[in-house]
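Trainee: I need the structure of the sequence given here:
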Amino acid sequence: MKSQKELQQSQPPTTPLIPRSEQDLRGEIQQVQLVIARRAYDLFVARGCRHGNDQEDWFRAEEELLRPISVSLSESDDRISVRVNVPGLEESEVKVSIEPRRITILGKKKMSAMESEGRKVEHIDWSPDRIFRLIDLATEVMPENSVAELQAGELKFELPKVAKGKVEAAVAAA
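Mentor: This is a model prediction of the structure:
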């Protein structure tokens, strides 16, 4: 049986991510949405400019341009835990924003090149190289006390909830 120390050493290293504000990511979010909109428009034109399928065009464009990622959420009395699979992405390729009711995740895989016998060989991956996901939270959390980490292709978020009394006081004051 392995000791606790051996188990910790055998696990891949965890990289803490520094959450950014949604304002900091706004330009990049708009850029991703613009790329999707352009592709959706191309699909619309390819269908002969027939109206009525705008959502279908948008979802197809997202499917073509964004890498699918899976998300799991679990909730306890005092926190929300979120796990997001982002295989192949490194810390420098992922940006996150934690807001009181939303998590934003952006990522773009950088193309790598290597040399083989004096020739430059580009790495080609036919899957989309971008991720973009907005995760709406049913309960308000405290972004300033939240933790985001990347470990072996999985983003892990630990989000402490706002105490119920604070939420009710804020609603009453509004």
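
Trainee: which residues touch stretch 50-62?
Mentor: With contacts defined as Cβ atoms under 8 Å, 6 or more residues apart in numbering, stretch 50-62 is touched by 36-37, 39-44, 47. For the C-beta atoms, the positions are set from N, CA and C on the backbone; glycine is no exception.

Trainee: would you mind listing the buried residues in that stretch?
Mentor: For stretch 50-62, the neighbour count (16 or more other Cβ atoms under 10 Å) marks 57-58, 61-62 as buried.

Trainee: excluding covalently adjacent residues, which one is nearest to Arg67?
Mentor: Nearest-residue entry for Arg67: Pro128, 4.6 Å, with adjacent residues in sequence omitted and distances by Cβ to Cβ, 6 or more residues apart in numbering.

Trainee: three-state assignment of that neighbour?
Mentor: Under DSSP: H, G, I helix; E, B strand; the rest coil, Pro128 falls in the coil class.

Trainee: residues contacting it?
Mentor: Applying Cβ under 8 Å, 6+ apart, we find Pro128 in contact with 64-67.

Trainee: of these, select the buried ones using a PyMOL command.
Mentor: Buried residues among the contacts of Pro128 (16+ other Cβ under 10 Å), as a PyMOL selection:
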select buried, resi 65+66+67
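
Trainee: quick one: the strands in this structure, in order.
Mentor: Under the criterion DSSP state E, the chain contains strands at 15-17, 71-75, 79-85, 94-99, 102-108, 113-116, 119-122, 130-136, 147-151, 154-160.

Trainee: so for Asp24, which of the ones you listed sits nearest?
Mentor: Among the strands of the chain, the nearest to Asp24 by Cβ to Cβ is strand 94-99 (7.1 Å).

Trainee: against which helices or strands is the closest one packed?
Mentor: If contacts are counted by 3 or more Cβ pairs under 8 Å, 6 or more residues apart in numbering; DSSP states H and E, strand 94-99 sits against helix 22-46, strand 102-108, strand 147-151, strand 154-160.

Trainee: rerun that using 6 Å as the cut-off
Mentor: With contacts taken as 3 or more Cβ pairs under 6 Å, 6 or more residues apart in numbering; DSSP states H and E, strand 94-99 sits against helix 22-46, strand 102-108.
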